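Asks: Build me a model from this:
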Amino acid sequence: MHSDSNRRPLLWFLFLLSAAVAICLFFIPAFIIRPFTHQTASGLNLAMTLRQYAPLGTLIAAPICLLFGLILWSTPGILRKVTLSVVMVLVAFSTVMARLNYFEWMFHPVPDVQFDSEASSKLDKGEMILALNFYGDARAYPVKQMAYHHIVNDMIGGVPVAVTY
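Replies: Residues are numbered from 1 along each chain as shown. Okay, the predicted model is just below:
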């Protein structure tokens, strides 16, 4: 039978390993998938795969981490208890965030689309636009504004469209 002091390093390893799994399942996709930054195909593939498995993975890793954290709580020292607490807060945060679509928080549709005529438009001559034409009804969406909002819900030629960039 192992003494309690011989088991502690293994308990800390298992605690930190389960915490790392839960935390990485949320934070890796959150840092890779960011608007206006370069994303490689392999990085994006990794992020989307982790994001897909994050809800189940954090649901498994968080209780394991909590179990080992409770066992280790009796370890003397305020620094160790602070470490356990901070890690558990990060694990709980990651477990909750893995279930939310936090990417939607970054991109808000334009609430009230308003258009100017070509003559009254204040766009620079070289400014890029997204253009749509349905049944003779044409719209132009400035790329600079689309890069901020990423989506416009509109009606063109009687057809509902979601314009995105």
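
Asks: Might you report the residue contacts of Val159?
Replies: 134-135 (C-beta atoms under 8 Å, 6 or more residues apart in numbering). (C-beta placed from N, C-alpha, C; glycine too.)

Asks: okay, now the closest residue to Val143 other than its chain neighbours: neighbour count?
Replies: Nearest residue to Val143, sequence neighbours excluded (C-beta to C-beta, 6 or more residues apart in numbering): Met128, at 4.2 Å. Neighbourhood size, Met128 [other C-beta atoms under 10 Å]: 14.

Asks: Make sure Leu132 is indeed in a helix.
Replies: No. Under DSSP: H, G, I helix; E, B strand; the rest coil, Leu132 falls outside any helix and is assigned strand.

Asks: Relative to Asp154, how far out is it?
Replies: 8 Å (C-beta to C-beta, to the nearest Å).

Asks: any common contacting residues for the two?
Replies: By C-beta under 8 Å, 6+ apart, Leu132 and Asp154 have these common neighbours: 139, 161, 163.

Asks: neighbours of the residue nearest to the second one when sequence neighbours are not counted, just the number please.
Replies: Setting aside the residues directly before and after it, Val161 is nearest to Asp154 in space (C-beta to C-beta, 6+ apart), at 5.4 Å. By the other C-beta under 10 Å criterion, the neighbourhood of Asp154 contains 18 residues.

Asks: Name the SS class of Asp154, please.
Replies: Judged by three-state DSSP, the three-state class of Asp154 is strand.

Asks: contacting residues for it?
Replies: Applying C-beta under 8 Å, 6+ apart, we find Asp154 in contact with 113, 139, 160-163.

Asks: For PyMOL, write a command that selects the buried ones of the residues you listed.
Replies: Buried residues among the contacts of Asp154 (16 or more other C-beta atoms under 10 Å), as a PyMOL selection:
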select buried, resi 139+163
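
Asks: of all the contacts of Asp154, which comes closest to Leu14?
Replies: Of all these, Ala162 has the smallest distance to Leu14: 46.5 Å, by C-beta to C-beta.

Asks: Tell me the bridge partners for the closest one.
Replies: Listed beta-bridge partners, Ala162: Asn153 (assigned using DSSP bridges).

Asks: show me what contacts it?
Replies: Applying C-beta under 8 Å, 6+ apart, we find Ala162 in contact with 151-154.
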